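Student: Let me see the structure of the following:
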Amino acid sequence: MPWKMCLEYAELFKIKMPIQKNDVDAPMTAQCCTPFAMCRPNVEEEEDYFTSPFYKDGTFIDYQGPDVPQPNFFTPAQRSRMVHEVLLRTRYGDEQQQFGRNHNLQFSSNNFSKCI
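Tutor: Here you go, the predicted model:
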């Protein structure tokens, strides 16, 4: 998916992006009273971040987004959601109502390749 299109859809979806590490400790009650605590020996702990909705003009708090494509800037799940939305909005015919992912995938591989 082209980088500029990724930025436009990220702004449209208001994807939350990390802006600063969270240095606030969780309250003791949240740490000791989890009824479904799991033993995770092989899972790395994820760092906690403060987040802000994405704006392509770079109006994050204390953060400027890159102007060039960054492979890890958006997660694979975020990219998949953007591609799915593009496929839903892609027209496959001359009629006003002819758009959508299912018909594109079944009948028109030419339009599908233009989206990707």
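
Student: Does anything pack onto the helix or strand harbouring residue 6? Which helices or strands?
Tutor: Assigned by DSSP states H and E, residue 6 belongs to helix 3-13. Counting contacts by 3 or more CB pairs under 8 Å, 6 or more residues apart in numbering; DSSP states H and E, helix 3-13 is packed against helix 76-89. Placement of C-beta: from N, CA and C, glycine included.

Student: Who are the packing partners of the helix it packs on?
Tutor: Partner elements for helix 76-89 (3+ CB pairs under 8 Å, 6+ apart): helix 3-13, helix 101-107, helix 109-115.

Student: Tell me the first helix or strand C-terminal of the longest one.
Tutor: Spelled out, that is helix 3-13. Assigned by DSSP H and E, the successor of helix 3-13 is strand 16-21.

Student: what pairs with that following strand, and is each one parallel or antiparallel?
Tutor: strand 49-53 (antiparallel) (DSSP bridges).

Student: Quick check: mean pLDDT of the partner strand?
Tutor: Strand 49-53 shows a mean pLDDT of 80.

Student: hmm, back to that, for the helix holding residue 6, the averaged confidence score.
Tutor: Here the average pLDDT along helix 3-13 is 82.

Student: Show me which positions of it end up buried.
Tutor: Buried residues in helix 3-13, counting neighbours by 16 or more other CB atoms under 10 Å, are found at 6, 7, 9, 10.

Student: could you give the angle of that helix to strand 16-21?
Tutor: On the basis of axes from the mean of the first three to the mean of the last three CA atoms, to 10 degrees, helix 3-13 is oriented at 90 degrees to strand 16-21.
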